[in-house]
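> For reference, the sequence and a predicted model appear below.
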Amino acid sequence: MGGEIRVVIADDHPVFRRGLGMVIASDPMLKVVGEAANGCDAIERISELRPDVVVLDIDMPQKNGFEVVRELHSLKLEPAVVFLTMHRDEALFNGAFDIGAQGYLLKDSAISDIVAGIKAVAKAENFISPALATFLVNRTRRATTLVEHKPTLLDLTPTERRVLRLIVEEKQTREIAEELCISPRTVENHRSHICRKLDLHGANALLKFAMANKSRLL
C-alpha cells in the first residue's frame, strides 16, 4: 500500500486511546482519521471513513471487537484489523485470526509496537506482540494436525454443541452468554475452540457450518 495509511482507533478507555493516537500520528506515513469509544460507534465511523487499518479493542461496550469485525464483513467492509487486548489468552488469539485479523497486540506493549503493526498489516502482513510467539507456533502445529485428521461434530464438547445450536438461531454473543449463564468472553472462547476443531476460517464460516448441520444439532 503506497502513500498515507488512514487509521481508525476504537477503544473505550479515552486516556489510552488518546495516547495511542498520539503515537500513531507521530509517524508521517500514518493518519488517525477517526476514533470510537464503543463497538456500535466503531462500525459507524468505519463505514463512514473507510480507513485502511482499524485498531480495535476486543473488550468494548455494546459490541466487542469480534462482533465489530463480523458486522464489517457483513457490510462488505474489509479494512486491515489490529486487535488490542489486555488478556494473554490463547483462545482469544486464535479467535481473532479465525475471523480474519492481521494483527494482535497486548496493550502493555501496544505503544511501542503499534506503528510497526499498522504498517505491517497495511501491507497484508501479520503482526503480533513478541510475547505471544508461542501462541502462533501452537496455531501452526494445530493446523498441521488438522490436515491429518478430518474433524467432525463428534470432536465438540456438549457445551460447544449447545453454542452451535444457538448460533443456528442467529443469536449474538451476548444473547448466547445470557442463555447459557456464562460471560461473553467465554462464548467467544467456545466459538474459537469450535472453529479450531472444525478447521473453520472467516467471519461467516461458523454460521454456515452450523446451518448446514442444523438437523444434526437438534
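Happy to help now that I have it. Residues are numbered from 1 along each chain as shown.
> For the residue lying closest to N204 once chain neighbours are set aside, list the residues it contacts.
Nearest residue to N204, sequence neighbours excluded (Cβ to Cβ, 6 or more residues apart in numbering): H73, at 6.6 Å. Every C-beta, even on glycine, is put in place using the N, C-alpha and C of the backbone. Residues in contact with H73, defined by Cβ atoms under 8 Å, 6 or more residues apart in numbering, are I99, G100, G202, A203, N204.
> and H73, what element?
helix 65-74 (DSSP states H and E).
> and that helix, how far out from the chain's middle?
Taking Cα atoms, centre = their mean, to the nearest Å, one finds helix 65-74 lying 8 Å from the centre of the chain it belongs to.
> Send over it as CSV, restricted to the C-alpha atoms.
Extracted in CSV, the C-alpha atoms of helix 65-74 (Å, rounded to 0.1, in the frame of the first residue of the first chain):
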residue,chain,number,x,y,z
GLY,A,65,-14.1,-6.2,18.8
PHE,A,66,-15.0,-9.6,17.3
GLU,A,67,-18.6,-8.6,16.8
VAL,A,68,-17.5,-5.4,15.1
VAL,A,69,-15.4,-7.4,12.6
ARG,A,70,-18.2,-9.8,11.9
GLU,A,71,-20.5,-6.8,11.2
LEU,A,72,-17.9,-5.2,9.0
HIS,A,73,-17.7,-8.4,6.9
SER,A,74,-21.5,-8.5,6.6
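> Strands of this structure, residue ranges please.
5-10, 30-36, 53-57, 80-85, 103-106, 127-128 (DSSP state E).
> tell me the most buried of the ones you listed?
strand 53-57 (a mean of 28; mean count of other Cβ atoms under 10 Å).
> what's in contact with that one?
Against strand 53-57 from outside (Cβ under 8 Å, 6+ apart): 5-13, 20, 24, 42, 46, 65, 68-69, 72, 79-85, 114, 118, 121-122.
> Let me know the angle separating it from strand 5-10.
20 degrees (axes from the mean of the first three to the mean of the last three Cα atoms, to 10 degrees).
> how does this protein divide up, domain by domain?
Annotated domains of the chain cover 5-132, 147-217 [automatic domain parsing].
> Geometric centre of this structure: which residue is closest?
Nearest to the geometric centre of the chain sits A96, at 3.4 Å (Cα atoms, centre = their mean).
> Let me see the contact set for that one.
With Cβ under 8 Å, 6+ apart, A96 has these contacts: I58, G65, F66, F83, Y104.
> Max pairwise distance over those residues: which two?
Using Cβ to Cβ, the contacts of A96 span at most 11.9 Å, a distance reached by F66 and Y104.
> shouldn't P184 be in contact with K63?
No. In this structure, P184 is not within contact of K63 by Cβ atoms under 8 Å, at 10.1 Å.
> okay, these two: which has more neighbours?
Shown here are P184 and K63; by other Cβ atoms under 10 Å, K63 has more neighbours (21 against 18).
> List the contacts of the residue lying closest to G19 once chain neighbours are set aside.
Excluding its sequence neighbours, the residue lying closest to G19 (Cβ to Cβ, 6+ apart) is I111, at 6.6 Å. I111 is in contact with G19, L20, V23, counting by Cβ under 8 Å, 6+ apart.
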